[in-house]
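S.K.: Please work out how this folds:
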Amino acid sequence: VFSACTPTKPVDNSLNPQSKHKFIGKVIKIYDKSILISNAGDEIKSGDLYIVSTEAGYDKEKIQPGAIIEIGYNGNINESYPARFSAEYIRFIDKRDDMVGFYEKVFDKLWETDKGLNSDIEILAFDLSKTTNLSDPEKSALIYVLGNKYSLETVSGTFEQLRKDGYIDKDLLQFKNGILFSFEVTKQSENSFMFNAEKWRSGDGAYFLKDCKAQKTNDVWDYEIGSEAIS
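M.R.: Below is the predicted model of the structure:
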């Protein structure tokens, strides 16, 4: 739960020599008084996902999901998941693609189609092993964002790993209390890529998106569905 007020006047915090520690992160989500970021540097080795307070203020026009930012902080990090710390300053470094936001949009399409598959589930499982345009921290961020969005437990692994771990019934080929979501990039270029996506609960309970084309236009990623199938 995040409180509902933010500084109304941007603060010039591009330099703050008093901060002894710096962290480089990629913006995933912006909340009222905090930002969810994934690790985009080597400064912190203990984790890959963080929530940083924004009471120090920041440039709201430049700092949007996808941005690379530098954060000055006092060295104290609360051990939680995501880990939490307070920013002494937040500085924009670079603009990058918001690929977590893109895959959240594809997930929403899968979730809203054939909603009967969603009934009585407790677990969201993700196979991101072939999602080659997400870094490992971004994969963790996507899983966290979607689990938090739907207030469900999350796990990650391939179909075979989930079978081995007992999530998927080996004999019935059924995920009794969850759904497996998979994203596969099949061809990639600078401003476009092809991908498949899948929502699977059982052999006769699944929804597929095939040969979809993602395209970046005016710095925003969107996609067209090649074909759809329901089993």
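S.K.: and residue 121, that's in a helix?
M.R.: No: the assignment for residue 121 (DSSP: H, G, I helix; E, B strand; the rest coil) gives coil, which keeps it out of a helix.
S.K.: was I right about it contacting residue 178?
M.R.: Yes: the criterion here is C-beta atoms under 8 Å, and residue 121 meets it with residue 178 at 5.3 Å. Heads up, the C-betas are built off the backbone N, CA and C, glycines and all.
S.K.: of the two, who's got more company?
M.R.: Set residue 121 next to residue 178 and count neighbours by other C-beta atoms under 10 Å: residue 178 wins out with 21 against 17.
S.K.: Test my guess that the more buried one contacts residue 165.
M.R.: No: using C-beta under 8 Å, residue 178 is not in contact with residue 165; the gap is 11.6 Å.
S.K.: Can you pull the residues that touch both of these two?
M.R.: Common neighbours of residue 178 and residue 165, using C-beta atoms under 8 Å, 6 or more residues apart in numbering, are residue 155.
S.K.: mind listing what the spatially most central residue of the chain touches?
M.R.: Residue closest to the average C-alpha location in the chain (C-alpha atoms, centre = their mean): residue 142, at 2.0 Å. Contact analysis of residue 142 by C-beta under 8 Å, 6+ apart lists 100, 103-104, 126, 128, 134.
S.K.: State the distance from it to residue 62.
M.R.: Remark: distance between residue 142 and residue 62 (C-beta to C-beta, to the nearest Å) = 23 Å.
S.K.: Next: residue 145.
M.R.: According to C-beta to C-beta, residue 145 stands 22 Å off from residue 62.
S.K.: Between those two, which has more neighbouring residues?
M.R.: Set residue 145 next to residue 62 and count neighbours by other C-beta under 10 Å: residue 145 wins out with 20 against 14.
S.K.: Please name the residues that touch the more buried one.
M.R.: Taking C-beta under 8 Å, 6+ apart, we find residue 145 in contact with 28-29, 36, 100, 104.
S.K.: from those, which two are the most distant?
M.R.: 36 and 104 (12.1 Å; C-beta to C-beta).
S.K.: mind checking pLDDT for residue 79?
M.R.: Confidence at residue 79, expressed as pLDDT, is 87.
S.K.: Might one say that residue 38 is in contact with residue 141?
M.R.: Yes: Residue 38 is within contact range of residue 141, at 4.6 Å (criterion: C-beta under 8 Å).
S.K.: of residue 36 and residue 104, who's got more company?
M.R.: In this view residue 36 and residue 104 are compared by other C-beta under 10 Å, and residue 36 has more residues nearby, 22 against 18.
S.K.: Good, we can wrap up now.
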